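give me a model of this one.
(4 chains)
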Amino acid sequence: MQTTDAIAARIPDGAKLAVFKDRSCAMDVTRALVRRGVRDLHLVCVPTSGFQAELLIAGGCVATIETSGVSLGEIGPAPAFARAVKSGAIRIMDSTCPAIYAQLQAAEKGNPFAPLRGLIGSGILDTRPDYKLIQNPFAEDGRDDPIVALPALAPEIALFHAPFADEAGNVWIGRQPELKLMAHAAAETLVTVEDIRPGNMMEDETLAAAAIPAFYIAAIARAPRGAWPLPLPGHYADDEAALREYAAAAKTGDGLRAWLDANIHGAPASPAAAE
Amino acid sequence: MQTTDAIAARIPDGAKLAVFKDRSCAMDVTRALVRRGVRDLHLVCVPTSGFQAELLIAGGCVATIETSGVSLGEIGPAPAFARAVKSGAIRIMDSTCPAIYAQLQAAEKGNPFAPLRGLIGSGILDTRPDYKLIQNPFAEDGRDDPIVALPALAPEIALFHAPFADEAGNVWIGRQPELKLMAHAAAETLVTVEDIRPGNMMEDETLAAAAIPAFYIAAIARAPRGAWPLPLPGHYADDEAALREYAAAAKTGDGLRAWLDANIHGAPASPAAAE
Amino acid sequence: MTVPCRTEELMIHIIAGLMAEGPKGETRHIGCGVLSPIPGSAALLTRHKAAAAGKTIKVSIIGHGAEPYRTDGGVDIFDCAGQGRLDYFFLSGGQIDGEANVNLLGVGDYPGTTARWSGSFGSAYLYFMVPRVILFTLDHSRRTLVETVDFISAPGTSAENVYRPGGPFALITPRCLFMFDREAARFRLASIHPGESADSIREHTGFAYDAPDDVPVTEAPDAATLALLRGEVAADIAGAYPKFAHDVLGAA
Amino acid sequence: MTVPCRTEELMIHIIAGLMAEGPKGETRHIGCGVLSPIPGSAALLTRHKAAAAGKTIKVSIIGHGAEPYRTDGGVDIFDCAGQGRLDYFFLSGGQIDGEANVNLLGVGDYPGTTARWSGSFGSAYLYFMVPRVILFTLDHSRRTLVETVDFISAPGTSAENVYRPGGPFALITPRCLFMFDREAARFRLASIHPGESADSIREHTGFAYDAPDDVPVTEAPDAATLALLRGEVAADIAGAYPKFAHDVLGAA
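Residues are numbered from 1 along each chain as shown, chains lettered A, B, ... in the order given. A predicted model of the protein is given here:
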């Protein structure tokens, strides 16, 4: 068994790191990364991100972000993200959700690329020279039928937080099959969980259907409420007050620095760890 | 709620019908189809088949079979299949397992095609003019890098047998995610189940992860032991004696006709139905 | 008989009316993205009204935590669209122009040097694949409804050779309803909400559009619809938008 | 010390020896297809031996009903190979020729007018993607080991421009072990099982191959290996091949 800090220690400067949306995020590890001062991450958001990307950008950890969007949802825009993109402090690779999924699925299958409809005429194509326009080889009667080919996207590391793992190292992900896609596409998968259960969930037909086999998992750490202040579906909701407090503070650079000092650099990893 | 015969009645002559491997097969419906004398099916095996394809071919129901293989597993070759292919009584579209999966996944995603490595130099490519060789648009430095493009494969109907459904029409498939792929790729999905449970499995995080939502399901019938003599994983094994009896009888055309008369045309749909 | 209602409620009512039928007969499936409480409520209103008539409409609301509105994982809604199994979807934009181009990304030189918004999300795919995409905005002003967007997250129309079964259907704002003519690549003013006029619409709209000589006034919801909206729909939408359900629809 | 054993047990022992190390250091993952009890047993023997040394080797056996040997759905094993996460796989064939082309389909004009077998299964993909594919047959005769296959389910070698991280590694038969030289596109006789000779191999092999002047005799398993094979391995492989486990390995 690993600690949250040990998980964070496996993520080096410059890593191409895949993170998931705005829930089931390994936020304890994310805080540990900011505290350690990891640099130059290439963040792959599957297919978007919220407070997790925002915090890593606020902490100065990100060189490049590949995403279909970053926002704090109902709470509003992501201020550090918006400032960093406007100023050019980070490089952004804008995409659209199904393109990022398709790119990960290409890596999952060992394909060099995946075709995808849509995108033609979107400014995204102009900003992504790595997305190529090809002809549909199955167009009827040799008709002109352009379609976008997306390169496979294989992150070096996938990182997320799940409800539980078992002693055999399998991880239960519930209704979030994208987490399995991330584990398949990435070279290495790091996971925190609410709990470690005895036994082997793969022997249980009901649990096994929503499990990632241990074979795909490089390291697991127990981190109760490890997704806080983001939600873990079926377990806890987001901590809206904490997120609003952050959003209000981060409106200015000074406010953000004070928030980081109080909440990251001088604070424990999570409320549970403080107990 | 439907009957097995009502499910079979939804499958017309000539239908492009997807069936699954050698387990979780809707065998009650298959027998009903043979009994009714359905004709000219285009059978899509996902990605292979066993006794189900063999029986439909034996019954004269199949015009075309698209498959990576048909065998009775440890019991031996599939005699009616082998005879029908040798004599040209059915048209075969030979493929390889991951190609059929990739073609269904292309249909699932609304893509016109899917790339796949391998296949180049296999005789399969020579026999499948619908599989095309294209250039990998991401080959380094314009290097010659041929790759196979497979057309999307959207069956008209997907048919299988699952452990249970619920009153809301959701179907639980357990550890067989390919069944969900079939439902997504096909225009219409027909299912038989061991049992119908009260309530809505989608409200249960554990069950929901391995469920096909009712939205994808056109009709469900209860058919206890509906996969017999094939196995339903986690519920019952195959009936090896019944399969061996078939294999022995089907070695000759006369033996096969006698077996069909005794076991299909003059018999009830399943042992349970006979009780 | 109509009764007083909020602008948001009027918008929900209008959208639901648009979706009473589908592109190919009955409406089967309505999808809603993130940050879309008005469309989400409209989808649920459509669903509840259809249910009263014994018909089932599937509603998928990205981010909704409860059955039957949540999606089957994040990939599913896009695959659904690719399969032709999604009839309606909604898009907004920091800018929307007269050719129905949508900008969710920002203002100024790319990547948004003047203002940077969240990003294009699924728009660059769904706008092509969903037969009827309904645009919406809460800011009907020349700032949002512009002549030409600074960045095209997703284009309103495409060249004839581009595979595109879907596209824009209508644009609903707090002031009016526009319908989109794909042949002409132009909006047409369809109805004006109470309190607005042809002139006030023209004044606040940054793009050119067609308008009939007599523009009808938007029909307000009747009491039964409002009761449904403030009751069952409000309770349901709270699963994704608790604040909206409470503040706008008055849910407990 | 070696003890008498069945030919199948010898084959299992030899295959396991081949897999003790992987293409890039330690063996991580061995996959076995349908109708492959000997390879399946070899994979399990490799796994049990590694476990005794404190190392974990993943074994996936298509059709195995029990943990930890079953796959995560039917697509997973192919995706695993595509990801480079599968080190070894096994293929047999109704015909195997001197260039390691494999025919699983039939004899005579396509689609098998003289004899029609089951089909090519996953061979046309896995033979390309898995670094070390071990071929096996129980029929070492000129009928099976032919000069040229009637149909290429999967080719032994590919032109230089074809992406191919994988391919044939060895061929095990009841008479001998061949290793495959990918550069030369030829088999080389590596060892001869007890009771066979260089001449008997030549007599029963339909293709040309290389052979050293002195061909070693295949090393038989020691008593500990046989005990492991007839004990834990037999019990484990029974989950996929109960008849084989009972008849060949003597499992209860």
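
so which residues of chain C form strands?
For chain C, strands defined by DSSP state E occupy the ranges C:29-32, C:58-61, C:88-91, C:95-97, C:102-103, C:106-107, C:115-116, C:132-136, C:145-146, C:168-172, C:176-181, C:186-192.

average pLDDT for the longest one?
This points to strand C:186-192. Average pLDDT, strand C:186-192: 98.

which other helices and strands contact that strand?
strand C:176-181, helix C:198-204 (3 or more CB pairs under 8 Å, 6 or more residues apart in numbering or on different chains; DSSP states H and E). For glycine as for every other residue, the C-beta is placed from the backbone atoms N, C-alpha and C.

tell me which of the ones you listed sits nearest to residue D:207.
Nearest of those to residue D:207, taken as CB to CB: strand C:176-181 at 68.2 Å.

quick one: work out the angle between the closest one and strand C:168-172.
Counting by axes from the mean of the first three to the mean of the last three CA atoms, to 10 degrees, strand C:176-181 points 170 degrees away from the direction of strand C:168-172.

neighbours around residue C:179, how many?
Residue neighbour count, defined by other CB atoms under 10 Å in any protein chain shown, stands at 16 for residue C:179.

the residue in chain A that chain D sits nearest to - how many residues pack around it?
In chain A, the residue found nearest to chain D is residue A:110; the distance is 2.3 Å by CB to the nearest CB. Neighbour count of residue A:110, defined by other CB under 10 Å: 25.

same thing with the one 3 residues further on?
The burial metric for residue A:113, expressed as a neighbour count using other CB under 10 Å, is 21.

excluding chain neighbours, give the residue nearest to it in space.
In space, not counting the residues next to it along the chain, residue A:113 is nearest to residue A:149; the distance is 4.7 Å by CB to CB, 6 or more residues apart in numbering or on different chains.

what's the closest of the strands of chain C to residue A:133?
strand C:102-103 (20.9 Å).

other SSEs contacting that closest one?
Contact partners of strand C:102-103 among helices and strands, from 3+ CB pairs under 8 Å, 6+ apart: strand C:95-97.

now check whichever helix in chain C runs longest, is it near chain A?
Secondary structure of chain C per DSSP state H: the longest helix is helix C:37-52. No: Helix C:37-52 does not reach chain A (CB under 8 Å from any CB of the partner chain); its nearest approach is 8.6 Å.

still on that earlier bit, give me the distance from the host helix or strand of the residue nearest to residue A:113 to the chain's centre.
When secondary structure is defined using DSSP states H and E, the element that contains residue A:149 is strand A:146-151. From the chain centre to the centre of strand A:146-151 is a distance of 24 Å (CA atoms, centre = their mean, to the nearest Å).

can you add distance to chain B and mean pLDDT and give the helices and strands packed on strand C:186-192 back as CSV?
Output for the helices and strands packed on strand C:186-192, formatted as CSV (distance: least, CB to the nearest CB, whole Å; pLDDT from 0 to 100):
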stretch, distance to chain B, mean pLDDT
strand C:176-181, 23, 98
helix C:198-204, 37, 97
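
deepest of those, which one?
Among those, judged by mean count of other CB atoms under 10 Å in any protein chain shown, the one packed with the most neighbours on average is strand C:176-181 (a mean of 22).

partner strands of that strand and their direction?
Within its sheet, and counting by DSSP bridges, strand C:176-181 is paired with strand C:168-172 (antiparallel), strand C:186-192 (antiparallel).

how much does the first one deviate in direction from helix C:37-52?
Think strand C:168-172. Computed by the same axes, to 10 degrees, the angle between strand C:168-172 and helix C:37-52 is 110 degrees.

tell me how the chain divides into domains.
No chain was given, so I picked chain A. Under the assignment automatic domain parsing, the domains of chain A span A:4-95+A:154-274, A:113-151.

actually it's chain C I care about, not the one you picked
Structural domains of chain C, as assigned by automatic domain parsing, span the residue ranges C:1-91+C:222-252, C:93-217.

can you put those in JSON lines and add distance to residue A:18?
As requested, the domains of chain C are exported to JSON lines (distance: least, CB to CB, whole Å):
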{"stretch": "domain C:1-91+C:222-252", "distance to residue A:18": "13"}
{"stretch": "domain C:93-217", "distance to residue A:18": "17"}
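
out of those, which comes closest to residue D:32?
For those, distance to residue D:32 was read as CB to CB. The smallest value, 30.1 Å, belongs to domain C:1-91+C:222-252.

please compute how far that closest one lies from its chain's middle.
Between the mean C-alpha location of domain C:1-91+C:222-252 and the chain-wide mean there is a distance of 10 Å, by CA atoms, centre = their mean.

what does stretch A:199-206 give?
For stretch A:199-206, the gap between its own C-alpha mean and the chain's C-alpha mean amounts to 27 Å (CA atoms, centre = their mean).

ranges for the helices of the stretch 101-250 of chain C?
When secondary structure is read from DSSP state H, counting those that start in this stretch, the stretch 101-250 of chain C shows helices at C:123-129, C:198-204, C:223-228, C:234-237, C:242-247.

let me see the contact set for residue A:240.
Residues in contact with residue A:240 (CB atoms under 8 Å, 6 or more residues apart in numbering or on different chains) are residue A:75.

and the residue of the stretch 151-275 of chain A found nearest chain C, what's its pLDDT?
With CB to the nearest CB as the measure, the residue in the stretch 151-275 of chain A that lies nearest chain C is residue A:177; the distance is 4.4 Å. The predicted structure scores residue A:177 at 94 on the pLDDT scale.

one more: residue A:274?
As predicted, residue A:274 sits at a pLDDT of 40.

any idea of the mean pLDDT for the strand holding residue A:149?
For strand A:146-151, the mean per-residue pLDDT is 98.

partner strands of the very next helix or strand once past that strand, with direction?
Along the chain past strand A:146-151, the next helix or strand (assigned with DSSP H and E) turns out to be strand A:157-166. As defined by DSSP bridges, the strand partners of strand A:157-166 come to strand A:16-20 (parallel), strand A:171-172 (antiparallel), strand A:188-197 (parallel).

just put the ones you listed in a markdown table and tack on mean neighbour count and mean pLDDT.
Conversion of these to a markdown table gives the following (neighbours: other CB atoms under 10 Å in any protein chain shown; pLDDT from 0 to 100):
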| stretch | mean neighbour count | mean pLDDT |
| --- | --- | --- |
| strand A:16-20 | 25 | 98 |
| strand A:171-172 | 25 | 98 |
| strand A:188-197 | 21 | 98 |
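
just to revisit the earlier point, buried ones in the strand holding residue A:149?
Buried residues in strand A:146-151, counted by 16 or more other CB atoms under 10 Å in any protein chain shown: A:147, A:148, A:149, A:150, A:151.

how about the strands in chain A?
When secondary structure is read from DSSP E, chain A shows strands at A:16-20, A:41-46, A:62-67, A:91-94, A:113-116, A:132-135, A:146-151, A:157-166, A:171-172, A:188-197, A:211-212, A:219-222.
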